[in-house]
Structures are given as structure tokens and as C-alpha cells.
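Trainee: With the sequence up front, the predicted model follows.
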Amino acid sequence: MRKFVSFLTSTFALLLLVAVPKSFAENWPPIAPEDLKMTSVAEQPGAPAVILLRQETDDDTKNQEAYYERIKILTQAGLRYADIELPYDRRSFTIIAISGRTIHADGTLIKFNGKALDKVIEKAHGIKQRVKVFSLPDVQVGSIVDIRYTLSYGDRTIIAPTWDVQSDLFQKKVTFKFYPYMEEWADKQTGRSGQGVAWTPYLPKEYRPQQHVPSVVDPNTDGKTWVDMAIDNVPALVDEPYMPPEDTFRWRVSFYYTTTSKQENFWKDEGKYWNKDVDGFLSRKGGIDTALAQIIAPADTPEQKIRKIYAFISKLENRSFMREKAVQELQAQGMRFNRGADDVLQQRSGDHDDLNRLFVAMVRTAGIPAWLMRVPDRGKNLFEPYFLSPQQFDAEISIVQLDGKDMFFDPGTQFCPYGLLPWHYSSVQGQRQNAHQDTEIVTSTPPEYQQNVIKRVAVIKLADDGTENGTVAVSFDGLAGMDRRERAAQTDQAGRKKLLEDEIKEWLPGGSEVNMTNEPAWDDSTSPLVAHFDVSGPLAVRAGKRRVVPLHIFEVNDQPMFAAADRANNIYFDNPYWIVDEMHISLPQGTSAESMPTDTAVRLDYALYESKQKMEQPTTIYSMRNIVMGGMAFPKTSYKEIKDFYDKVSTGDGQQVLLKATDHAEGN
Amino acid sequence: MQKAIRLLFPIIIAAGILSNQPLHAEAPDWVKNASNSLTPTYPTETKAIVLLDQSEYSILNPGEYIEHHRRVVKILRPEGRYEGDLGVDLEKQDKISFLHAWSIDHAGHQYELKDKDFVERSPYSGELYEDIRFRIAKAPAADPGSVIAFEYEVHRHAWWDQLDWIFREENPVKEATFTINLPAGWEYKTAWAVASPIEPAKIGDNRWQWTLHDIPVIEDEPHRAPVLSLAGRMEVMFFAPGGGNVNFANWDALGRWYNGLTEGRRTATPEIIAKVTQLTAGKTDFDSKVRSLASFMQTDIRYMGIEIGIGGFQPHPAGDIFHARYGDCKDKATLLSTMLEQVGIHSDYVLINTERGIVAPEAPSSFFNHAILAIEIPQGTNLDGYYSVIKSSTGQQYMIFDPTDEFTPAGNLRPDLQGTYALLVTNKGGEVIHTPTQAPETSLLTRTGHFELNSDGTLNGEVLEDLTGKHASDFREMMFEANQQQRTHLFEEQLNNSLQGASLESADIQQLDDLAKDVTVKLKFSSSKYGQVRGPLMLVRPRVLGEKSFVVERKERHYPFVMSGVTQEADTYEIDIPKDYVVDDIPEPTSIDSGFASYESKVIVDGSKLRYQRKLIIRQLEIPADKVPDLRKFEGIVGADETAAIVLKHVQN
């Protein structure tokens, strides 16, 4: 029998699962004496609590999800684990059983007899998002708390769960079970249908879910197929600076109901579905010819044409970077939702994907092969081809073939320079259209450090009292410029000025005054964003009769990149970068540099640091700093090398010049 | 404890809710009139202008009134878009009669939001549950140049017959009015805070209206006191014929009301009595009994708030709190008070606001958000170690103590609660008290370090930190949630902020959980390249650890600069210099005393030892606006000293 269903995404990561009869609710697992006596956990010393047992059972044949958790409170800070908040969508779910108890270290039991209260997170137009809250009584350090609850959902719904395995606490044992709906299903909304379930494990290789089929000899199987998994000693997640997005490494298992049995078929089918949608949009080309005639010239080379079309698209209104507008607000302005490239062109307005689609439509019309590619946002997660869900994609970017070579563009990201991709869409796997009316999985271009450059030049004069005044010129090139332009677009002229002045102040010694003296080309993403400043403030400090001047004035407030000696996670920078500094410091009359630091150079395969300094005139110090981080993702085994690199950078940046009074020096 | 205030400012909701069906409609005349009114010229940084803010209250019965509110704002800058986030707060029994909003954008398009376009939401607060709800919406066209108007009427139910009018905001207000309609025979009285009183116009039978024009902004300044302490407000108390209704005509009335509310809540159960007996066994003096029971309350009764109706103000019975082992601030105060009573120590509630300056003695009001305790000190008790002592008008000495604060021992108060007005609630009524500002020497941060400097510039050594008062509380709070690995990372970060490439060898914390004692921390570490070798010279910063200076902006200051607390801090670092180096140059000693703070430092050369000593004392919780230039100078001197260097010279052995 076919079942017409709607899909729900289960968002209740740590709280799911099966019908629990009332009598069963009191049937708690036995407590080991050693758990009662436990005072700490060796795998996470000093932890506020430890999860002794966590069970999740998702039963799509009964439309229920049941969750059980046993937590040992180890410190006073761990008492907060006795306050429970269960978010649920009241339209789709009902919480049908909540029970809990407290067990003291001496075995005393205190049952939770209270009432769970409903908190409205949001209620509008018939939709209520709620949180069920309650608190377990008489919880003390050393107590064990048991919590169990069940969610129930509608009969015509199937939910492919995600088992969230890891948490911020160490877990002694976790068990998961999923009874999928194994009959044929069809989704009325999308028209898709299928049968069977599959999953993608984001787990170490030794842990894998097991599928079990009903056994005629075992009556306990209840005629149902299930998938289960048990893991002992699950390590806690560790939060560290410069770590990859959590969703790229957190232990979990993502289930999905299959429409076809093979991966390549799935993406092929999904590709057709997406292609059809894109083609429908691009086929509405009214007005594109006319527009192109005004933008490009027949004699233009293909690259000139692409540049001109890109520049044209970049000037259109970008709804993805504006305040979200109400429907009637758009209507009042004569705007409508874009149903095709013609709408985007006519309204001169679109969101991120609309603009990419119009770009591709115009480039194609100009006779140059162009396609779309859908990509994830690697700031959140990465595309996993084995996880058969198109919900992994975040946006569409453009691919243009020039001189037989594919080039990637994103005119849908405001101020993205020609030929570059914003970091979160670069170097990611995704699904692209190709020349054969088909789709394929490819990787977007990797980011390069030359695409994200900051150049800073300071020309300053040091006064007798140790203060300085002078000028600073800064050029933000490529993605560095895009980033500042995006932020500046959220404010007005005064706000933009303050934005950059505040950034410069953060670089310079505390108490510095900064005044921007030019009006940078905020809207021109074809050139670097260049800003000029007058600066003044304290610089030199005392060293008895001498003075000490920092060589790298833009780095005086830098905090260490990596302070920890050890590392649990891989290392991840959003984007490679290149920063070049040049400083010219004129010394006060009657002083000279007594000693100059030696030049520094640190080179790795993927990184470079140089600090060079000299007297360029008898009373002017010249220094240059050059740092490149060319890599993006590194295994944790590289931590020592990377930390060592940045430690050396800190040492180089902290170098100072010793100034002496000329008389004093001569006296010596 | 539930905040006993209503929000008169627009409620700023972080999460954007887009109303999906605003109707395109004509704004009413009062909106158009306000938006067409002439406005003075404002500074370029002004985010928005409040063209009109009208509140009208019609009292129906004791504890029951209708609130009608209108507000028109013109957005001037993108930073003023938050004025399009509209909201009204509702308690359980309150009912909205109507709710509208209109927007007129710069092109003249007009939009309307109706009741159904507003979504309902619970407040984001630290409590597990509160029955307050917000109705919120995002106004269409909330852009520079647009006018946003908001109007609602709510039938409210209140616990008392008193209203407040807060008329000064972070944006300039062109016109603000406050109108009351009283039933026959009712009377009113006003009290004003942070503003000069104005007289109302009688605009009808039992109808009065106060109007203010061109109200200046509250300037946005870093380290400024909270807006509510600067906003200026009027309290209006209502008196029903024959009396009997609840208002706060004076602080005593508020005290009596709260005392009545807590009646019967501090009754000891046998379990409580047994616990007190157990905790105080063998303890005979006031100090040991108080500390024992206070410590139990801080560590064994966890903070958890479920506040429903009057439960936002009224504590649970002591027996229930003890049984559940959790409660909010007023619950914790109630249980501790009950337990203290069992050993013959009387205590009273103190209502306070955790933001200094909001409670104004001249304007009795319910602007409290926290409940703590005043513990009676028996005559003749040695007061050493008690820094939070006050004397009431009756001459009774009390120790002010916050049982909710898990990190501050009895006898101390954290800086937020120091130097501010609060209400002492006794069984005789209420009395405004001013909590003490503790002396700097009650918050000590002492660092003593011994280091060895090598010829290549490497520094090895250890630092012993001793922390009391706010330093100990802050440290305990920082360590509270952290596991061992996280603690190590925190120390590594702290070290690396002062020393490039520092490597932590060991960290030892003592007396972290014993609030009665100082916290001590011993860190052993090394830092390569600490000394910068320059040919025959080496540069060494004698201030090895700890940054105490901060930046004070040069802009003109309108309000006092709020410090993080009074403090006395001393560093002594001894550095053994390499045998092949001698001292060639040392910084001059530093000494400055600005009244509100002092700082001195010096470097002493003792053979091959360098000794750096410095002492910082902050004496005031707030630095007056006219003294902020002095604070800037002071911090500049401290900052220069912190970065000053010693020059060593290489010699042949």
C-alpha cells in the first residue's frame, strides 16, 4: 500500500523517539554501583557532568521518537543539566510522555512529579514554536538524573532522523535505533516517490550503523526492519580557535529515504530536476538581446564581453544583501518575485541566485558557454555526495568557459570582484550543469592568497615626547575589499568612515587618533578599496634615557593565534591571505637608532613571513613586513608547525628599535 | 525575580520576524501630522527622531487600567532601523484591544500592520520560565527617511496602582506626552528622578496631561551608566477613595507591600531544621554560623527561576525550596533567611537592581530586579572581614549578602551591587539604604614572580597570584564551567597575551572552592625570545605579566565613566639577569595619584637581580565626567609604564 506522506526535518537533535507505555516509563535501566560512587571521569577531567547512557529510538512506523538520557552530576556547574528545555513544533509534534528522577549517591530516589511548562518561542499565523521546560528536584553534586520523553507526529509523515552522537560532555554509552517506514511512499508536494532508507555516517571507520531485517525466528523483531548502533566512550567535542565548521567533523549519522538505490542515479535524477528548474528560468530571455546590445560590442573579445556583463550584473539591486522586504513593500515599488531571467533584467533586481542565473543567461546569449553550479556554504558544512539530499546546497554560482577553460564567478555576492569566488563558495564540491545537458559533481576553484590582500603604508614622524603623527594608506584588495564594501553597504557615509577608522584604531597603539581623509571607491569592486588616514598618538616608550619604538606599528595589539600547547581538532582558516606593510618612521632631532633588529624570514611550503628593517636615511627607519598564509585546511598533526610559525611571527612583530639621544650615544 | 518594570521603549527583538501580509493602507492623520512636523537640525550621528511619544492611561479600578500608546519615529540612518522593531509586553491577564503600525517610506508609500501581523514570543531571559509574552512585528520600509508609527491599546492588570513615564531616550524626542484619566474621587501624586518636575495641564474632568518638547538624547558613550539611570522619569501614584489600594507613595509603602507578600514564606520545616542543625553543629559564633549556612545556599541550592503571575515577586515557601533544591533569587534569600532564623540570626529582604543607579531615592518605584538579604549583626560582633555592612535608621547593623552569587563570600558584595540604592524590607515597612562601596584593599590582586633570563633572551620562572574580593569572584566564575583542559587553555591564552610564544609548564590552583579563603594560582612557564638581543644590548620588559591599562576615548564626555570595581593590585617581579650582561638603562620610576586612582612603579637593580614593583589602586566605582580627561592621562601613564623596557649590556666574563 502506498503511503502519501510529507517529509519533516527532525530538528530535535538530542531528544527523539518510540511510544512508551505508561508502565514502561517507570522501568528505568539499573544503576551500576560504580556510577553512584563516581566523582570524576578520566576521559574529561574536571567535567561538570558525564552522560552515562543515552538512548534514542526513532520509529517511523509508529510516528514516534523516544529519548532517554542518564547524566551524572560531577560538579556544582553540572547542576544546570537538571534544567530541561525541549523545543518542539506544536503543529507537527506532541510531547506525549515526560518522566524524570533524581538518584542521590547513596541511592535515594526522588521522582519528578512536577509539571512541564510550555514556553512560546514564536506564534504567528497558526504556527507555534514552543519549548517544554521542567526542572528535576533535589539534584546535588554526585546525583544521577534520568530523563525520558517521547515525541509523536502525524500519521502521514515520515522523518529521516539524524543521530547526533557527540556532545560537549563525554558519554560512556550511546545507543540508537531507527525503525524506518519500509513501504513505498510518495511525496504529494514534490511528486517524488521511493522505498527504503539509507544513511551517511560521519563517524570513525570502526563505528557503523547496522541494518536488521525482520526475522521469522525472532518474535521480538515485530516484523520490522531497523537500523541500530551502539558506541561506548564517545569523546566530547572540544572548542578551539581556527577549527573547521562543526558539521564537517561532528560524529553523527544522517538518514534519508531513498528515491533510487544508487548514488550516481540519485544525483543524476536530482540534476535533471534542478536542470529543469534552471532551464525554465533561463529560457525567459525577453529583453536580454536588447540589453546586451547596449552592454557589449560585437568586436569585444569573449573576455571583454564577460567582464562587461559581470559589471552590468554587479550594478543591479541585490536583494540578498538588503533588508528583507515585506511582500507589499515590493508591490508598492512595482516589484514582483522573479520567475525568469527576463524578470530580473526588467526589474534590475534579484537575489543571489537570480543574479547568477541572469549572468549565465546573458553570457550564453552573448555566445559564450556558461552554466550554473550549486554549492554548499563551507562556513557551515561541506557537500557529501554519499548523503543523498539536495538540501546540502546553499547557493548557485556561475561557470563560464573561456578559451576552453572553466572560470568560476559569483556576481550574486555583492562586491565580489570579477573572477573571484567568495571564500565560502570556493574550493567546495557541488553539482554543476555541463555541456551535455547533464550535471556532474565538481569542485569550485580554490582560493589563493593573492585574492585576499591588505597593503598598509605608514609615514609617521616621531616627536620628542614619544608621540607620533603622520599618515597611513591602506589598500584592501580582492576579497579583503569585498568584505569591507559589504559591511560599508549596511551603513551611511558617516558609518562607513567610522567603520574603517575603528579598524585602523584596532591595529595602532591604544589611544591613537585616526581620521580618514579621502572618500574611498565604496561601490567599485573592480579596484582595491584604498583609504587614507591621518594618525596620531603614543608610540615610543621609555627605556631609561633611551626610547623604544615598535617596528611593526600595525601589529602592536595582535593577540596570539595559537596559545594552546596541544590540539584536538584540525586547523582551518576561512581564506588564505597576504598582508604587506611598509613603515617609514622619522626620528626626532637629536636621536638616532642605537640598534636595529636583524631581518627575520620564516618559510613553510604554504606560508611565509618576512620582517626587514633598515635606516633609509640617517633619521628615518624603514621597515617592511610581509606575511602570507597560502593554506586553508590542515590536519591537527600540523599544529606544532603552524603554531611555531605564528609564534615566530609574534616574535618578529614584537621587535623594537632602540633610540638614543645622539649626545648620549656619543658620550658612550 | 521578575523585573518589576514595564517596557516603555520599543522592544528590540534580535531575531527578525518578517510580517508576511502588511496591508497597503493610508496612515491616520495623527501619524501624518507628526511626520510632517518641522524638526530641528540634529547632529549627523543621530540615528532617528522620536516625533511623538504619547502614553495615556485610564484607571478603571484598583489594579486595572487601560493603556493607550502612540509613537511616531523618523529613521535618519541605517543604524536607526531598529526603530522598526515593534513590540508590546503582556502579562498573563492583559488583553490587547488593538494593535497597529504604519510606515511611510521616503517615496510616500504607506503600509499598515494589523493585530494579526504581530507574532507572539516569550522573553529571552535567564529564567527557565516566565509567563510574560511579547507581541512583536517588524515594520515595513524601516529605512532612512521612513516614518514608523505604532499604536496599541491594552487592558492591563497590575499588582499596584503606580505608573512610570520614562521620557528620555538614546534618540532625541520632539514631543512626549503622558496623560492620566482617573475615576471620580481618585487622586494622584508624582515623584521625579533625574529630571526637574513639570506641572500637568488639566485637560478634562479628572484628566491630566504632562508634555515635554525637544528632549535631548542620552549620548552613547562607552562605560556609561545604564540608560534607565539617565533617562529621567516620573512616577505617578494613584489613590483610590478611602485608600486601601496598593501604591508606592513612599518607600515604606513598598516595603510593607513586599513584607506582606512574603508573609508565611519563611516557615521552617523539620527537614530544614535538621539541615541547619547538621550544618551548624559545633559552631557557636555568628560568623561561623552565617558562613556555614551561606555556603550551603551558594553551592547546594541551584539557581532556577519559574515565574508565574505574582510569582515574579513572591517567593516560594522555604520548605518547597529546600525540597526542590532550586529557586530564584528571592527563593534563595527566603530559604537562607529561614535557616538563619533557626540559629537565632534575624535577616530581612533587600530589593535591589543589578544595574547601579536605576533606583533613585527621590522617586519610590518598583525598579528592582533582584532580591538579596540583610543579615542582622549582633552588637559587639567583630566586624573584621565584613565589608558590606550598613546601618539602618534604627541603628541596626546589617551585613548585606547575595545568596544567588555563587562566587562572593558572606561579608563581601560584588561591584554591581556596591554603591547603589536598595530597599530594606522589614516587618515594619521599607527603608532606602545605600550599599557600601568597598575599600580597594578588599579586592586584592597580588602577583609575585621570580624569573631567570638567559643570554639568548629566554625567560623561565613562575608567578604566584593571590586573589581576594572581586578578583577571586571573577576568577572563580571564569573557572566554574571549565574542565581541566579548558582551564589550561585559559591560562595559556592569558600568558600568551603578555608573552609571545609563552609555554605553560604547570598551573596550580588552590582554594578555588573555599570562598572564605583567597584564591592562589601558581603558574610555571617559559618564553623564548622574551629579551630582544640587539648586538651587545638586550631589551627586557620588566612588567612580565598583566595588562592593567585601557583606552579612554578623547571625545567629550557627558556621563561618568563606570569602572569595573575598586581594586588594589600589586606586582613584584624579580628577574635574574644573565651573568654576561649588566644593566645599562632602566626606566624612571612612575608615580601618579589622581584622587580616584593611583599608580606607582619602579625598577630596582640589586646586583644581578632586577626587581620591578608596581601598585595600582582604583578607589571609585565611577569617575565623574569632568574627571575623565584625568582618567585618560592616568591610563596613558599606566600604559607607558607597562611597555617600558630595561636595557642590558653584554660584558665579557
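Mentor: Structure's in. What do you need?
Trainee: drop to CA atoms for contacts and neighbour counts, all remaining ones
Mentor: OK.
Trainee: For burial, what's the neighbour tally of residue B:562?
Mentor: Residue B:562 sits with 18 neighbouring residues when counted by other Cα atoms under 10 Å in any protein chain shown.
Trainee: Can you give me every residue that contacts it?
Mentor: Residue B:562 makes contact with B:223-225, B:621-623, according to Cα atoms under 8 Å, 6 or more residues apart in numbering or on different chains.
Trainee: Quick one: low-confidence residue ranges for the chain.
Mentor: All of this refers to chain A. A:1-26, A:90, A:122-128, A:189-190, A:216-221, A:260-262, A:663-668 (pLDDT under 70).
Trainee: that's the wrong chain, I meant chain B
Mentor: B:1-24, B:125, B:653.
Trainee: can you give me the helices in it?
Mentor: B:29-36, B:227-230, B:251-261, B:270-279, B:286-300, B:318-324, B:329-342, B:469-480, B:484-498, B:628-643 (DSSP state H).
Trainee: Can you lay out these as a markdown table showing mean neighbour count?
Mentor: Below are these laid out as a markdown table (neighbours: other Cα atoms under 10 Å in any protein chain shown):
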| stretch | mean neighbour count |
| --- | --- |
| helix B:29-36 | 16 |
| helix B:227-230 | 18 |
| helix B:251-261 | 19 |
| helix B:270-279 | 15 |
| helix B:286-300 | 20 |
| helix B:318-324 | 20 |
| helix B:329-342 | 26 |
| helix B:469-480 | 20 |
| helix B:484-498 | 19 |
| helix B:628-643 | 20 |
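Trainee: Would you mind listing what in the stretch 301-450 of chain B touches chain A?
Mentor: B:302, B:304, B:323-326 (Cα under 8 Å from any Cα of the partner chain).
Trainee: can you rerun that using 6 Å?
Mentor: B:324-325 (Cα under 6 Å from any Cα of the partner chain).
Trainee: try chain B
Mentor: B:20, B:78, B:119-122, B:324-325, B:481, B:483-484, B:489, B:492-493, B:496-497, B:500-501, B:534, B:551, B:585-588, B:640, B:644-646.
Trainee: The most centrally placed residue in chain B and chain A: what is the separation?
Mentor: Closest residue to the average C-alpha location of chain B: residue B:355 at 3.5 Å, with Cα atoms, centre = their mean. Counting by Cα to the nearest Cα, to the nearest Å, the gap from residue B:355 to chain A is 25 Å.
Trainee: next one: residue B:177
Mentor: Taking Cα to the nearest Cα, one finds residue B:177 at 31 Å from chain A.
Trainee: right, and that residue touches residue B:208 too?
Mentor: No: Residue B:177 is beyond contact range of residue B:208, at 10.3 Å (criterion: Cα atoms under 6 Å).
Trainee: give me the residue from the stretch 351-500 of chain A nearest chain B.
Mentor: residue A:491 (5.3 Å; Cα to the nearest Cα).
Trainee: which residues touch that residue?
Mentor: Counting by Cα atoms under 6 Å, 6 or more residues apart in numbering or on different chains, residue A:491 makes contact with residue B:78.
Trainee: Regarding it, what is its secondary structure?
Mentor: coil (DSSP: H, G, I helix; E, B strand; the rest coil).
Trainee: separation between it and residue A:323?
Mentor: 12 Å (Cα to Cα, to the nearest Å).
Trainee: re earlier: so how do I select the buried members of the residues of chain B next to chain A in PyMOL?
Mentor: In PyMOL, this line selects whichever of the residues of chain B next to chain A come out buried by 16 or more other Cα atoms under 10 Å in any protein chain shown:
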select buried, chain B and resi 78+119+120+121+122+324+325+481+483+489+492+493+496+497+500+501+534+585+586+587+640+644+645+646
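Trainee: Out of the residues of chain B next to chain A, list just those in strands.
Mentor: When DSSP state E defines the strands, the subset of the residues of chain B next to chain A inside them is B:119-121, B:534, B:585, B:646.
Trainee: could you pull out the strands for the stretch 151-300 of chain B?
Mentor: B:162-166, B:173-181, B:187-193, B:201-204, B:207-215, B:233-239 (DSSP state E, counting those that start in this stretch).
Trainee: Could you tell me which of the contacts of residue B:562 count as buried?
Mentor: Buried, going by 16+ other Cα under 10 Å: B:224-225, B:621-623, out of the contacts of residue B:562.
Trainee: State the pair within those residues that is farthest apart.
Mentor: Pairwise distances across the buried ones among the contacts of residue B:562 (Cα to Cα) peak at 11.8 Å, for the pair B:224 and B:621.
Trainee: burial of the residue nearest to residue B:288 when sequence neighbours are not counted, as a residue count?
Mentor: Leaving aside its sequence neighbours, residue B:288 sits nearest to residue B:280 (Cα to Cα, 6 or more residues apart in numbering or on different chains; 7.9 Å). Counted by other Cα under 10 Å, the residues lying close to residue B:280 total 17.
Trainee: Tell me if residue A:501 really is in a helix.
Mentor: Yes: secondary structure of residue A:501 (three-state DSSP): part of a helix.
Trainee: Could you list the contact residues of chain A toward chain B?
Mentor: Checking chain A against chain B by Cα under 6 Å from any Cα, the hits are A:45-47, A:77, A:120-124, A:137-138, A:326, A:491, A:510-511, A:541-544, A:559, A:563-564, A:595, A:647, A:650.
Trainee: ok, which stretches of the stretch 501-650 of chain B are strands?
Mentor: Going by DSSP E, counting those that start in this stretch, the stretch 501-650 of chain B shows strands at B:502-510, B:519-527, B:532-534, B:537-540, B:561-562, B:567-576, B:581-585, B:590-593, B:597-606, B:609-618, B:622-623, B:646-650.
Trainee: So for residue A:156, which of the ones you listed sits nearest?
Mentor: Of all those, strand B:502-510 comes closest under Cα to Cα, at 58.0 Å.
Trainee: that older thread, for residue B:322, see how far away the residue nearest to residue B:288 is.
Mentor: In terms of Cα to Cα, residue B:280 sits 17 Å off from residue B:322.
Trainee: ok, residue 434 - how many residues close by?
Mentor: Picking chain A for this. Residue A:434, neighbours per other Cα under 10 Å, totals 16.
Trainee: try chain B instead
Mentor: 18.
Trainee: Chain neighbours aside, what residue packs nearest to it?
Mentor: residue B:421 (4.5 Å).
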